[in-house]
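A.B. asks: below are the sequence and a predicted model; questions follow.
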Amino acid sequence: MSLPPVVVLGPTASGKSDVAMEAARAAGGVHIVACDAMQVYRGMDIGTAKPTADDRAAVPHHGLDLCEPSERYTVARFVDDIASARTSVVSSGARELIVGGTGLYLTAIVDGLTMPGEWPEIRADLEADPDTASMHSRLAVLDPVAASRIEPSNRRRIVRALEVCLGSGRAFSSFGDGVAAHPDNGAVFIGIRWDRDALRDRIARRVQRMLDGGLVDEVRGLVARPGGLSATAAQALGYKEMIDHLEGRATLDEAVAEIVLRTQQFAVRQERWFRRDPRVRWVDVDDDPVTKVAPLVVAALS
């Protein structure tokens, strides 16, 4: 019988990956499951802050490099891919440590979600509509509950909800409680919480490290690949802005400033998502998250 997973979560640049690595090394017999919607793409390494080759050699990782960046990848596919990985974790007798950054993906694998079908033709029509605000208004008419749960700027989720409403003839929110449910399933959630200003500073420094590490060249190489980047991959933080720069729509300084701004905005949305879950034990940090949070994760894994 498998033990419930331990989850370390927090907004981007909060230090959750470093905490998970330290805890996994200290506890031993631990596999890390990365729960990040952009780390699934092969070759998108620098801009997604993917675990290094050394980290992956030291601790088994799952949820990384699951598809080509030219492919469309969905939460339903992630659930299937991670189900296979989790089976191998259990069969090896290891503990499962989930690192959560993408709230929907995390909820899907920890709590289970009823995944509606897909209607590609309807989705294609919706994706061709550039007016995200009007689509959110349309969703508010078709499914007020779903609209109230989705940020008006979250184009990807709005398109998905409308696709399901129009394709199935049912409200998207009718497919179970979904993200609004927080069942007592034994999972342990430990959240890293920073002061907003301190997190903004960490984000800015992280973006600079990505640039120093070769983000521009990484994006240039991905765009040049056969098939390029899928619509989803091309919207990833850091990649969209670098594509704008490489195609002459922004200077490098403008692109960098936009990456920092969008990442800060994304961190706020992540925090809002995670705050809704009453199961999360929040740990306030102001300096080194590893020193303060990793021992708590080790204790939960014991």
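C.D. replies: Structure received. Numbers count the residues shown, from 1 in each chain.
A.B. asks: in stretch 240-256, what counts as buried?
C.D. replies: For stretch 240-256, a neighbour-count test (16 or more other CB atoms under 10 Å) marks K240, E241, M242, I243, H245, L246, A250, A255, V256 as buried. C-beta: built from backbone N, CA, C; applies to glycine.
A.B. asks: mind listing what R220 touches?
C.D. replies: R220 makes contacts with M242, L246, as judged by CB atoms under 8 Å, 6 or more residues apart in numbering.
A.B. asks: with pLDDT added, can I get the buried residues of stretch 240-256 in a markdown table?
C.D. replies: Rendered in a markdown table, the data for the buried residues of stretch 240-256 read as follows (pLDDT from 0 to 100):
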| residue | pLDDT |
| --- | --- |
| K240 | 96 |
| E241 | 97 |
| M242 | 97 |
| I243 | 97 |
| H245 | 97 |
| L246 | 97 |
| A250 | 97 |
| A255 | 97 |
| V256 | 97 |
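A.B. asks: in helices only, show me those residues.
C.D. replies: K240, E241, M242, I243, H245, L246, A255, V256 (DSSP state H).
A.B. asks: in a markdown table: those residues, plus distance to L162.
C.D. replies: Output for those, formatted as a markdown table (distance: CB to CB, whole Å):
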| residue | distance to L162 |
| --- | --- |
| K240 | 22 |
| E241 | 26 |
| M242 | 29 |
| I243 | 26 |
| H245 | 31 |
| L246 | 31 |
| A255 | 30 |
| V256 | 33 |
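A.B. asks: for those, which one is nearest R275?
C.D. replies: Nearest to R275 among those: K240, at 26.3 Å, using CB to CB.
A.B. asks: pLDDT value on S84, please?
C.D. replies: Note on S84: pLDDT of 87.
A.B. asks: so it sits in a strand?
C.D. replies: No. S84 is assigned helix when assessed by DSSP: H, G, I helix; E, B strand; the rest coil, not a strand.
A.B. asks: for it, grab the count of nearby residues.
C.D. replies: S84 has 9 neighbouring residues, counting by other CB atoms under 10 Å.
A.B. asks: equivalent analysis for G213, please.
C.D. replies: Neighbours of G213 under the rule other CB under 10 Å: 13.
A.B. asks: for T107, same thing?
C.D. replies: By other CB under 10 Å, the residues close to T107 number 21.
A.B. asks: from G15, how far off is S134?
C.D. replies: The gap separating S134 from G15 is 39 Å, by CB to CB, to the nearest Å.
A.B. asks: more crowded one of the two?
C.D. replies: G15 (21 against 10).
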